[in-house]
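# Dropping the sequence and predicted coords here.
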Amino acid sequence: MSSASDDAAASAPAARRWPRHVAVGSITVAGLILATTTAGGWYYADELLLVRDEPAEYPVQVVAVTDTSITLTGEGADHPGIMGLEWADGYARVGPDVRTTGDEVVRSLQPFPDVPAPGTAVRMDFYAAPPDVADLAEITGLEATTITYDGPLGRYPATFVPGSESRWVVHVHGRGGSRGEAYRLLPPVHEAGYPQLSIAYRNDDGAPADADGEFGLGWTESEDLAAAIDHALEAGARDVVLVGYSMGGAIVGNYLRTHGSEHVAGVVYDSPALSWPDILAFQAAERGLPGFAGRIASTMVRLRAGIDLGAMDQVAHADRLDVPVLLAHGTNDATVPVASSDAYAAAREDLVTYLRTAAEHVQSWNVGPERYEAAVNDFLVGLR
């Protein structure tokens, strides 16, 4: 079991030769810090909550293509692991092998299902699978289709893959992501016989929009997950295994908090948002803000959206966990601190199986697909 901790640096107090002047000056400086941090807390609350529709950027250029390799240049072309290449009207996959010469990177190439022409602007995509369900079905041979079901705000889409088992696997993507986040894992889980749903939730493309146009950080989206689970049960599922990626972990956790685990056989977490307070503190430090800035941001989120981030803190409430969990998290995650997963796994060694990798955010599969898929398969077999 691994754990992580941060070293705290203590600063010596300044000499107080002019107590009254220093006191007035300190109050002024403290006020400026508080005002700046409050503004920062409001700004970061915006960053967390607001749903933004930003155009895709394609910062990598295709230099040359052969039957088996591709030469790329641009930021991220050497990103580690198996990656997708996405461009305006196509999708391919590149291997983890990286050969660098000057500004150019050569990697193995797999049509997935397309091949980009030299000169095409592309982007690296860690989903490593095309977003189009028909393309996914073509390259994997899965009977993948888009279905819809009723939820609290209307009709919701999901990618469905049938299977022979009566236990279903329900995938929940992360903040600002899409159903495609689960597509890497669909083939190996299908081989084990499980029907699967990769769901959309409010504010996703094709899903109903929340009236305030803001993410609920798992607080509201857990009701969308509840509707998906109800659909699975009505369609014949005996129970479900929930897979939460990044903020999908917060959605799954809040579902368990509010609905219980009656029909949940187990949970798979990948780089999960287990503790928003931990994430806010981590991101505040990354932005050079004081340690209490994260608490101010939490307060702003509660005042603005009525979301109690503390209530959703699965690390603080790890004693409430009552289902088996497979937890995957990478030490190079710059989005969600791996320390939260370390603490969660250490708190519940009786229920948590921990796959700790050296990956970036939600990329443990990309840097070690065989190890990742074996861990998922062993976990699912163990649930039987």
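Alright, I've got the coordinates.
# what about Q61, how many neighbours?
Residues near Q61, counting by other CB atoms under 10 Å, number 17. For the C-beta atoms, the positions are set from N, CA and C on the backbone; glycine is no exception.
# Can you classify it by secondary structure?
Assigned with DSSP: H, G, I helix; E, B strand; the rest coil, Q61 falls in the strand class.
# what's the residue nearest the centre of the chain sitting at in phi/psi?
Nearest to the mean C-alpha position of the chain, counting by CA atoms, centre = their mean, stands S246 at 2.2 Å. Main-chain dihedrals, S246, degrees, to the nearest 10: phi 50, psi -120.
# what's the spacing between it and S271?
Between S246 and S271 the computed distance is 5 Å (CB to CB, to the nearest Å).
# With A359 instead?
Per CB to CB, A359 is found 8 Å from S271.
# Determine the residues that are contacts of both of these two.
Common contacts of A359 and S271 (CB atoms under 8 Å, 6 or more residues apart in numbering): 330, 333.
# Out of the two, name the residue with the larger neighbour count.
A side-by-side neighbour count of A359 and S271, using other CB under 10 Å, places S271 first with 29 against 26.
# nearest residue to that one other than its sequence neighbours?
V362 (4.5 Å; CB to CB, 6 or more residues apart in numbering).
# Tell me the secondary structure of that neighbour, please.
Going by three-state DSSP: V362 is coil.
# check contacts around the closest residue to the residue nearest to the centre of the chain other than its chain neighbours.
Excluding the flanking residues, the one nearest S246 by CB to CB, 6+ apart is G174, at 2.9 Å. By CB under 8 Å, 6+ apart, G174 lies in contact with 181, 245-248, 271, 273, 362.
# please redo it, this time with the cut-off set to 7 Å
181, 245-248, 362 (CB atoms under 7 Å, 6 or more residues apart in numbering).
# Show me which of those residues is closest to F126.
Looking at the contacts of G174 and their distance to F126, the nearest is V362, at 6.8 Å (CB to CB).
# what sits against the closest one?
When contacts are counted by CB under 7 Å, 6+ apart, V362 touches 126, 174, 245-246, 270-271.
# Would you convert these into a markdown table that also reports distance to E370, pLDDT and secondary structure?
As requested, the contacts of V362 are exported to a markdown table (distance: CB to CB, whole Å; pLDDT from 0 to 100; DSSP: H, G, I helix; E, B strand; the rest coil):
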| residue | distance to E370 | pLDDT | secondary structure |
| --- | --- | --- | --- |
| F126 | 17 | 98 | coil |
| G174 | 23 | 97 | coil |
| Y245 | 19 | 98 | strand |
| S246 | 23 | 98 | coil |
| D270 | 16 | 98 | strand |
| S271 | 19 | 98 | coil |
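# The stretch 101-250 of the chain: strands as residue ranges?
Using DSSP state E, counting those that start in this stretch, the strands of the stretch 101-250 of the chain run over residues 104-111, 121-125, 145-151, 154-161, 167-172, 196-199, 239-245.
# Other residues contacting the fifth one?
The set of residues that contact strand 167-172 without belonging to it, under CB under 7 Å, 6+ apart, is 182, 189, 194-199, 225, 228-229, 232, 237-245, 248, 251-252, 265.
# Now which of these would you call buried?
The neighbour-count test (16 or more other CB atoms under 10 Å) applied to the contacts of strand 167-172 identifies 182, 189, 194-199, 225, 228-229, 232, 237, 239-245, 248, 251-252, 265 as buried.
# Span of stretch 180-199 from start to end?
9 Å (CA to CA, to the nearest Å).
# For the remainder of this discussion, apply numbering that starts at 128.
Yes, from this point I'll number from 128; that puts the last item at stretch 307-326.
# Just the residues contacting it, thanks.
Contacts of stretch 307-326 (CB under 7 Å, 6+ apart): 254-256, 258, 263, 267, 269, 283, 285-292, 294-301, 306, 352, 355, 359, 370, 372, 492, 500, 503-504, 507.
# Next: stretch 257-265.
By CB under 7 Å, 6+ apart, the residues outside stretch 257-265 that reach it are 218, 239-240, 256, 269-273, 286, 305, 307, 310.
# avg pLDDT for that stretch?
Taken as a whole, stretch 257-265 has an average pLDDT of 97.
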